[in-house]
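**Q** sequence and predicted structure, then a few things I'm wondering about:
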Amino acid sequence: MSTRTSAPDPPSGYDPAQFPAFAVTVDVVILTMSAGVLHVLLVKRGEAPFEGTWAIPGGFKRPAETLDEAAKRELREETGVDAASLLAQFGAYGDPGRDPRMNVVTVAYLAVIRDVGELEAGSDAIDAALVPASEILNGERELAFDHARIVRDAIERARVELEVSGIATAFVGTTFTMAELRTVYEAIWGVQLDAANFRRAVVSEDGWVIPTGRRAQPGSSGGRPPELFRAGRAWDHGGPIHRLHQRAQERKT
């Protein structure tokens, strides 16, 4: 059911032309795990400004749509991705000159995709690709506008969310192995976690993960397949491990 309400009539004598004009856009930082590495989904711009330069998906908000609707539409039109495990606002950017066309304020979204699938560039994008997040964080890949800053902020937001929310479970399937879940933390925090300590933290009476009684498909290397788990309800109230605690453990070892 829609919660949208109609806008009230402007006050008598109000003249919007007295104020500087500006546009509103949405930009979506899409994070996913691929081969145990954190990746960002980028599109290559097909028109000016920054034609031929990689950017995060986004575009102008239409007058009749909400910000969330605009983010979902741009995600679908520019990348072919129709749904995300998580899609949430995390910041707004409106520095003068950030867009050479006009004064533009963008509302940034963080999206998590479990399985990107086949990418289909569309709208004003001529290509779409998954890029290791490290290439952006290290300045190895140039992005349009202020998108490098937005990506850095999005990843830092994801690092915080690992401690206070269930964002880690958005990167894995409905069932997952302990190694798959641990890899999410290692990739986003840039650390290496002790497998035994991690298992003790999440397989507890707090109900972070629940054994399914099943195992993953056997791998090519042979051996006993790992256990499969599903997320418990505890993720609604926080996360099982914290960066400060992890750093303290590292100093002791």
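**A** Yep, that arrived. Quick caveat: nothing in here was measured; it's all calculated off a predicted structure.

**Q** and R152, which of the three is it?
**A** Applying DSSP: H, G, I helix; E, B strand; the rest coil to R152 yields a three-state assignment of helix.

**Q** for it, give me its contacts.
**A** Residues counted as contacts of R152 (C-beta atoms under 8 Å, 6 or more residues apart in numbering) are I136, L137. C-beta coordinates here come from the backbone N, C-alpha and C atoms, glycine included.

**Q** relative to L87, how far out is it?
**A** Relative to L87, R152 is positioned 19 Å away (C-beta to C-beta, to the nearest Å).

**Q** buried ones in stretch 53-64?
**A** Buried residues in stretch 53-64, counted by 16 or more other C-beta atoms under 10 Å: T53, W54, A55, I56, P57, G58, G59, K61.

**Q** ok, the fourth one to D153 distance?
**A** If you measure I56 against D153 using C-beta to C-beta, the figure is 11 Å.

**Q** with the first one instead?
**A** T53 sits 19 Å away from D153 when distances are taken as C-beta to C-beta.

**Q** please apply the same query to the third one.
**A** A55 sits 15 Å away from D153, taking C-beta to C-beta as the criterion.

**Q** again with V105
**A** Between V105 and D153 the distance is 15 Å, computed by C-beta to C-beta.

**Q** can you check A187 too?
**A** Using C-beta to C-beta, A187 is found at 18 Å from D153.

**Q** between the two, who's got more neighbours?
**A** Between A187 and D153, A187 has the larger neighbour count (other C-beta atoms under 10 Å), namely 21 against 17.

**Q** pLDDT value on that one, please?
**A** At A187, the pLDDT value in this model is 97.

**Q** hang on, it in a helix?
**A** Yes. Counting by three-state DSSP, A187 falls inside a helix.

**Q** quick one: it and V37 touch, right?
**A** Yes. Because the distance of 6.1 Å satisfies C-beta atoms under 8 Å, A187 is recorded as touching V37.

**Q** which residues does V131 contact?
**A** H39, V40, L41, L42, W54, R141.

**Q** domains in this structure, by residue range?
**A** Per automatic domain parsing, the domain ranges recorded for the chain read 22-146, 166-252.

**Q** measure the first one end to end?
**A** Looking back up the chat, that one is domain 22-146. End-to-end distance for domain 22-146, by C-alpha to C-alpha, to the nearest Å: 17 Å.

**Q** how distant is it from the center of its chain?
**A** In terms of C-alpha atoms, centre = their mean, to the nearest Å, the centre of domain 22-146 is found 10 Å from the chain centre.

**Q** what about D82, which SS state?
**A** With three-state DSSP as the criterion, D82 reads coil.

**Q** A strand includes R214, no?
**A** Yes. The assignment for R214 (three-state DSSP) places it in a strand.

**Q** how many residues are close by it?
**A** As a burial measure, R214 scores 11 neighbours (other C-beta under 10 Å).
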